[in-house]
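> using only what follows, build the 3D model:
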Amino acid sequence: MRKYQEITPEILEKLQQAAPGHVYTGSDINEDYSHDEMELYGKRMPDVLIIAQSVEEISAVMKICNEYHVPVTTRGAGTAETGSPVPIYGGVLISTEKFNHIKEFHPDDMSVTIEPGVLLFDLAAACAEKGFLYPPDPGEKFATVGGNASTNAGGMRAVLYGTTKDYVNAIQVVLADGTITRFGADVCKSSTGYNLKDLIVGSEGTLAIITELTLKMTPAPGIVASLIVPFEDMHAAIRTVSKIKNSRIKPQALEFMERSMVEMSEKHLQKEVFPKSVGGVEAQAYLLVTIEADDEDALYDKIEKASELVLEAGAIDVLVADSPSKMKEAWAARSGFVEAIKALSTMIDECDVVVPVSKIADYLEEAEAIGEECGLTMRCYGHAGDGNLHIKLCTDSLPEEEFRRRCEVCFDKLYDKAVVYGGLLSGEHGVGSVKRKYLERFVGKTNMQLMTRIKQAFDPNMILNPGKVVYDDV
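Numbering: from 1, shown residues only. This next block holds a predicted model:
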């Protein structure tokens, strides 16, 4: 484990001068700052918590930490699931939770400039009020947008609109030595040197600290509706995904889920939405499809075409949720998966591998076999339109040590299969600390070395979020 400077009274005094009134130590630091949403991945209290209020404060803090080789971890809302915001080396934790203002809308340029601590929910609502859509739609609406950018979060609408990186026009950052700089610009395209902006997006705080984002908006869709499509088995559902994507329907969202997941969520929400049997045929899997259009005629034309397509592909019915209340009910069931799993499990571990869309059904079949072989309950759902699978390993009875051991074996096999199918380690949650050991098998030794050199170029003293993504013991 890499050695770093401990916080001395001298260093603490300098930090307090750099961020007066915003520096906390000891019992003044809430335990929540020691972990993210996956507490199973470990806890570590920071030695110092700084609730930053400005880019100048962050710059001043980084100059001190770089001089003394103090490790620094940045945290937004702490909704990550990979251990990424956990200060595993102690040191300084910079929270951006109060650095959370929507600074300016640029309607003519269809963009908005914000601070990193703005919540996704608040940004989406503010854009909607002005007739715009901020398309990235991760499931956790109370994550910070800075955190979304750090992991290149995707979500439900990625199949049509892309992920967070596709909406970052410009980004202001503080480098490890305290330098404030800016990458990108509020323009539509660029061939101006290396794309450093996109290097920061998805780097999980290991290269720089995000302090401002200028984000692209799109016009809000005129009208939307969702289709609940039950199938007799998962393979029939997944085989239909490519047919939908290759059509002219262009779904805004295209999700898949097993019946067991739907039943768990509906039980948790105490409301049934998805049909379980149609004409005596039991539904075992579902697609949830959202379609958008400029007007009602165009929307219902798309709904008709989509219905014909899925029924020909083997769907046993199509339910249309074409009112706000019906859509809310359908998506509430989908959004409730994680909470339902938590309510019915004593421990959970998860991965979010991504495979080619054409390989989803085959990969899921092998994944389920691996789960049975390892003696773990496996819950699967995900973004069918882009091949991003959420695989939850659960238990309500195993001791923690045995659960961890089985998960280790299971993930080893799951990731090996993902490599075989041409997939990648993570589609949107990131690498963090717990997945770092698997990264090389996906990207290879050469790419790991390149990433480490990039890290060293940005952060020679390796103080930014150490222990995450790349190797830092070089």
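> hey, let's count contacts and neighbours off CA atoms from now on
Will do.
> and Gly444, helix, strand or coil?
helix (DSSP: H, G, I helix; E, B strand; the rest coil).
> how near is it to Val434?
With distances taken as C-alpha to C-alpha, to the nearest Å, Gly444 is found 18 Å from Val434.
> same check, this time on Asp166
According to C-alpha to C-alpha, Asp166 and Val434 sit 27 Å apart.
> pretty sure Glu272 sits in a strand.
No - Glu272: not assigned to a strand; according to three-state DSSP it is coil.
> tell me the secondary structure for the residue nearest to it when sequence neighbours are not counted?
In this structure, Glu272 finds its nearest non-sequential neighbour in Glu266, 5.4 Å apart by C-alpha to C-alpha, 6 or more residues apart in numbering. With three-state DSSP as the basis, Glu266 sits in helix.
> residue contacts, Glu266?
272-273, 333 (C-alpha atoms under 8 Å, 6 or more residues apart in numbering).
> can I get those residues in a markdown table with pLDDT and neighbour count?
Shown next, in a markdown table, are the contacts of Glu266 (pLDDT from 0 to 100; neighbours: other C-alpha atoms under 10 Å):
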| residue | pLDDT | neighbour count |
| --- | --- | --- |
| Glu272 | 90 | 15 |
| Val273 | 90 | 17 |
| Ala333 | 85 | 24 |
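> among the residues you listed, which one sits closest to Tyr134?
The shortest approach to Tyr134 among these belongs to Ala333, at 22.6 Å (C-alpha to C-alpha).
> mind listing what that closest one touches?
If you count contacts by C-alpha under 8 Å, 6+ apart, Ala333 has them with 262, 265-266, 269, 273.
> need the next SSE after the helix or strand where it lies, C-terminal direction.
According to DSSP states H and E, Ala333 maps onto helix 324-335. The C-terminal neighbour of helix 324-335 among helices and strands, as given by DSSP H and E, is helix 337-344.
> gap between stretch 234-250 and the chain center?
24 Å (C-alpha atoms, centre = their mean, to the nearest Å).
> isn't Met261 up against Arg379?
Yes - contact criterion C-alpha atoms under 8 Å: Met261 and Arg379 qualify, at 6.7 Å.
> let me have the contacts of Glu266 in JSON lines, extended by distance to Pro71.
What follows is the contacts of Glu266, written out as JSON lines (distance: C-alpha to C-alpha, whole Å):
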{"residue": "Glu272", "distance to Pro71": "49"}
{"residue": "Val273", "distance to Pro71": "48"}
{"residue": "Ala333", "distance to Pro71": "41"}
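> tell me the one of those residues nearest Glu129?
Closest approach to Glu129 among the contacts of Glu266 (C-alpha to C-alpha): Ala333, at 25.8 Å.
> now stretch 354-363: average pLDDT?
What stretch 354-363 shows for mean pLDDT is 92.
> swap in stretch 222-240?
In this model, stretch 222-240 carries a mean pLDDT of 94.
> care to break this structure down by domain?
For the chain, automatic domain parsing gives the domain ranges 9-98, 102-219, 223-337, 345-420.
> start to end distance for the last one?
Length of domain 345-420, first residue to last, C-alpha to C-alpha: 31 Å.
> contact partners for Leu215?
For Leu215, the contact set (C-alpha under 8 Å, 6+ apart) comprises 111-114, 167-170.
> ok, which pair from the residues you listed is furthest apart?
By the measure C-alpha to C-alpha, Ile114 and Tyr167 form the most distant pair in those, at 12.7 Å.
> picking up where we left off before, now do the helix holding Ala333: distance to the chain's middle.
Centroid separation between helix 324-335 and its chain, computed with C-alpha atoms, centre = their mean, is 21 Å.
> please identify the buried residues of that helix?
Neighbour counts over helix 324-335 (16 or more other C-alpha atoms under 10 Å) mark 327, 329-330, 332-334 as buried.
> Ile223 is in contact with Glu292, isn't it?
Yes - with contact defined as C-alpha under 8 Å, Ile223 counts as touching Glu292 (5.7 Å).
> any common contacting residues for these two?
Residues within reach of Ile223 and of Glu292 at once, by C-alpha under 8 Å, 6+ apart, are Leu299.
> more neighbours: which of those two?
A side-by-side neighbour count of Ile223 and Glu292, using other C-alpha atoms under 10 Å, places Glu292 first with 23 against 15.
> can you pull the pLDDT of that one?
In this model, Glu292 carries a pLDDT of 96.
> got the CA coordinates for stretch 283-292 in CSV?
Backbone C-alpha positions of stretch 283-292 (Å, rounded to 0.1, in the frame of the first residue of the first chain) are rendered in CSV as follows:
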residue,chain,number,x,y,z
ALA,A,283,-45.1,-14.1,-18.6
GLN,A,284,-41.5,-14.7,-17.5
ALA,A,285,-39.8,-11.6,-18.8
TYR,A,286,-40.6,-8.1,-20.0
LEU,A,287,-39.4,-5.3,-22.1
LEU,A,288,-40.2,-1.7,-21.0
VAL,A,289,-40.0,0.6,-24.0
THR,A,290,-40.4,4.4,-24.1
ILE,A,291,-41.2,6.1,-27.4
GLU,A,292,-41.2,9.8,-28.1
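> can you give me the strands for the stretch 101-250 of the chain?
102-106, 111-114, 132-133, 168-174, 180-184, 209-216, 218-219, 223-231 (DSSP state E, counting those that start in this stretch).
> tabulate these (CSV), appending distance to Ser277.
Listed next are the strands of the stretch 101-250 of the chain as CSV, based on distance: least, C-alpha to C-alpha, whole Å:
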stretch, distance to Ser277
strand 102-106, 47
strand 111-114, 46
strand 132-133, 36
strand 168-174, 44
strand 180-184, 52
strand 209-216, 43
strand 218-219, 39
strand 223-231, 9
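> isn't Met327 right up against Val224?
No - assessed by C-alpha under 8 Å, Met327 is found out of contact with Val224, at 9.0 Å.
> about what we covered before: now the contacts of Leu215 as CSV including pLDDT and neighbour count?
Shown next, in CSV, are the contacts of Leu215 (pLDDT from 0 to 100; neighbours: other C-alpha under 10 Å):
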residue, pLDDT, neighbour count
Ser111, 98, 22
Val112, 98, 23
Thr113, 98, 21
Ile114, 98, 22
Tyr167, 98, 20
Val168, 98, 24
Asn169, 98, 23
Ala170, 98, 19
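> what are the phi and psi angles of Gly202?
Dihedral pair for Gly202: phi 90, psi 0, per degrees, to the nearest 10.
> neighbours around it, how many?
When neighbours are counted by other C-alpha under 10 Å, Gly202 registers 22.
> show the contacting residues for it.
For Gly202, the contacting residues are 149-152, 165, 430, by C-alpha under 8 Å, 6+ apart.
> from these, which two are the most distant?
Farthest-apart pair in these is Lys165 and Gly430; separation 13.3 Å (C-alpha to C-alpha).
> more neighbours: the two, which one.
Counted by other C-alpha under 10 Å, Lys165 and Gly430 do not tie: Gly430 has more neighbours, with 26 against 22.
> contacts only, for that one.
82, 151-152, 202, 204.
> hang on, the earlier thing: closest to Asn66 out of the strands of the stretch 101-250 of the chain?
Smallest distance to Asn66 across the strands of the stretch 101-250 of the chain (C-alpha to C-alpha): 11.9 Å, for strand 168-174.
> if anything else comes up later, I'll come back, but that's it for now.
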